[in-house]
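Visitor: what follows is a predicted structure for the sequence shown.
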2 protein chains.
Amino acid sequence: MKTVSENRSFGGVQGVYSHASKVCGVEMTFAVYLPPQASQGPVPVLWYLSGLTCTHENAMTKAGLQAHAAEFGVALVFPDTSPRGEGVANDDAYDLGQGAGFYVNATQDPWKPHFQMEDYIVQELRDLVQENFAVTESHGVTGHSMGGHGALTLAMRHPDHFVSLSAFAPIANPTQSDWGRKQLGAYLGDDESLWSGHDATLLLRDKGWKGDILVDQGASDQFLDLLKPESLASALAETRTPSVFRMREGYDHSYFTVSTFGRDHVAWHAERLKS
Amino acid sequence: MKTVSENRSFGGVQGVYSHASKVCGVEMTFAVYLPPQASQGPVPVLWYLSGLTCTHENAMTKAGLQAHAAEFGVALVFPDTSPRGEGVANDDAYDLGQGAGFYVNATQDPWKPHFQMEDYIVQELRDLVQENFAVTESHGVTGHSMGGHGALTLAMRHPDHFVSLSAFAPIANPTQSDWGRKQLGAYLGDDESLWSGHDATLLLRDKGWKGDILVDQGASDQFLDLLKPESLASALAETRTPSVFRMREGYDHSYFTVSTFGRDHVAWHAERLKS
């Protein structure tokens, strides 16, 4: 693991690191924020999964989560959203290929050799973080847009790995959306029965989630038609899943929304990760 | 004035606007954050002046100040750091020309036709903000690096325009620094006696400031040799200026430092702007 940069932030350290990923077969970059409490002993971890076109950097610089992580004594991990670089498949569209891994393990060429984001997040990067930073084994996960999809689906697919769960404006029903059908088809193939395991709404109905879920969604989000929050809201209610689903008047899809509600989410996770 | 974008943020509105600047002779872009309190009546204004290479956008997206502005009921204005675009003089160096206006009115070619940032900030943009947003005439000013220089010098040069003053890692003694001598020479000419009116340390000794001053400086700032905080610290002490000058262990020149101490600065200004 190489240190790309480290900056003092709210009494802790915001670091950027890279490592040779075996799972993805390329060098991967990620960011970790360690709050000041980590110098006294291991702290729980909140994973933040980013959306389309993002790297590890967007949330690290724009979401303002470090203030809250320092307040509540939680570490933050910001992974990249896909493998990158020469030799890694890509597409001209912003929503497929590099920057758009969708948090699945691709089974189809040309994506299969590098796009193994589910195993990367849940296994390889988790192990790396566990070994190299002062963190406990209590992990929560959140994310924005495609990363909200990632948070919801990875938590439900790997309930032993995550204690707490929330999402900002998640892609909530990708098997029924142009943000999903195209990518799941490309990465997993044409058999739509294989897609349902990566759709938060369908997973909730099929497997459910062991705990409670917090979701914030802007009512003025310019991508409501693609996100399909109504699918998730109705599934949460129909499955009687303990949950808080907030439709926020006037808020859009930007990081101004994530930063506004960031403290609520860090507090939500901290309460559950420490109990 | 044209609206480029508006996003809901912490119950208020983060807007980006542009206008045809008479003073700079080009279209200029700036950002204004109006806190939720502005819907009930006019609120005081805190100006944030950015550093080298920045536009209106850096602090708007990375400093996290909107949370504090909403808490304390203060509007924020984020101007650009120079005129920009085709027909505007520039230099290959990052620290001269576009993105590096140094908050002075250039008297020398090729800069003179457009680089009139002092008049732009203190007169034209101030009037525009006053006319178009729900703000009072109580204005404070802060800034980072070159923008900290701008805050300190514009406040001392125009004490009737500003009630409160602070800075993050300001260029504190530009007449003695490579961040200053090159630019003041280019914009104002070779007569160094004309530079002293744009040097915070010299201005403090010559004119002083009517109120108190808050400065945060990272002790691990990679640009300490160029910023020369010791010049400002000693001038503050020698002139007996009421002030808080904090050398912050471990913090560097990045926005991770600005965001960490942002709440302190907004609170400082709010207390003085509302009294």
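Guide: Perfect, thanks for sending it. Numbering: from 1, shown residues only, chains lettered A, B, ... in the order given.
Visitor: quick one: the helices in the stretch 151-275 of chain A?
Guide: A:181-188, A:200-206, A:224-227, A:229-238, A:255-273 (DSSP state H, counting those that start in this stretch).
Visitor: neighbours of whichever residue of the stretch 101-250 of chain A sits closest to chain B, just the number please.
Guide: Going by C-beta to the nearest C-beta, chain B is nearest to A:G250 of the stretch 101-250 of chain A, at 4.1 Å. Heads up, the C-betas are built off the backbone N, CA and C, glycines and all. By other C-beta atoms under 10 Å in any protein chain shown, the residues close to A:G250 number 15.
Visitor: give the contact list for A:L226.
Guide: Shown in contact with A:L226 (C-beta atoms under 8 Å, 6 or more residues apart in numbering or on different chains): A:I171, A:S177, A:D178, A:W179.
Visitor: please apply the same query to A:G12.
Guide: A:Y33, A:L34, A:P35, A:P36, A:Q37, A:A38, A:Q66, A:A69, A:A70.
Visitor: the third one: what's it in contact with?
Guide: Yep, that's A:P35 we're talking about. Per C-beta under 8 Å, 6+ apart, neighbours of A:P35: A:F10, A:G11, A:G12, A:V43, A:Q66, A:A69, A:A70, A:F72, A:G73, A:V74, A:A75.
Visitor: near chain B, which residues of the stretch 51-200 of chain A show up?
Guide: Within the stretch 51-200 of chain A, the positions near chain B by C-beta under 8 Å from any C-beta of the partner chain are A:T61, A:K62, A:G64, A:Q66, A:A67.
Visitor: for chain A, which segments count as strands?
Guide: A:2-9, A:12-20, A:27-34, A:43-49, A:75-79, A:135-143, A:164-168, A:213-218, A:243-248 (DSSP state E).
Visitor: avg pLDDT for the third one?
Guide: pLDDT averaged over strand A:27-34 equals 98, rounded to a whole number.
Visitor: for the fourth one, same thing?
Guide: When pLDDT is averaged along strand A:43-49, the result is 98.
Visitor: in PyMOL, select just the buried ones from the contacts of A:P35.
Guide: A single PyMOL command selects the buried members of the contacts of A:P35 (16 or more other C-beta atoms under 10 Å in any protein chain shown):
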select buried, chain A and resi 10+12+43+66+69+70+72+73+74+75
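Visitor: show me which of the contacts of A:L226 are buried.
Guide: For these, buried by 16+ other C-beta under 10 Å: A:I171, A:S177, A:W179.
Visitor: so the spatially closest residue to A:A167 that is not a sequence neighbour versus A:P174, what's the distance?
Guide: Distances taken as C-beta to C-beta, 6 or more residues apart in numbering or on different chains put A:G148 closest to A:A167, at 3.5 Å, once the chain neighbours are dropped. Counting by C-beta to C-beta, to the nearest Å, the separation of A:G148 from A:P174 is 11 Å.
Visitor: next: A:D191.
Guide: With C-beta to C-beta as the criterion, A:D191 and A:P174 are 15 Å apart.
Visitor: average model confidence for stretch A:254-266?
Guide: Rounded mean pLDDT across stretch A:254-266 is 98.
Visitor: just the CA atoms of it, as CSV, please.
Guide: What follows is stretch A:254-266, C-alpha atoms only, in CSV (Å, rounded to 0.1, in the frame of the first residue of the first chain):
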residue,chain,number,x,y,z
SER,A,254,-25.9,17.3,-6.1
TYR,A,255,-23.4,17.1,-3.2
PHE,A,256,-25.1,20.1,-1.7
THR,A,257,-27.8,17.6,-0.7
VAL,A,258,-25.3,15.0,0.5
SER,A,259,-23.5,17.6,2.6
THR,A,260,-26.7,19.0,4.1
PHE,A,261,-27.8,15.6,5.4
GLY,A,262,-24.4,14.1,6.0
ARG,A,263,-24.4,14.6,9.7
ASP,A,264,-27.7,12.7,10.1
HIS,A,265,-26.2,9.7,8.3
VAL,A,266,-22.9,9.6,10.2
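Visitor: picking that back up, tabulate the contacts of A:P35 (CSV), appending distance to A:D216.
Guide: Below are the contacts of A:P35 laid out as CSV (distance: C-beta to C-beta, whole Å):
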residue, distance to A:D216
A:F10, 22
A:G11, 27
A:G12, 25
A:V43, 24
A:Q66, 19
A:A69, 18
A:A70, 21
A:F72, 17
A:G73, 22
A:V74, 18
A:A75, 22
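Visitor: what about the contacts of A:P35, which are in helices?
Guide: Those of the contacts of A:P35 mapping onto helices are A:Q66, A:A69, A:A70, A:F72, per DSSP state H.
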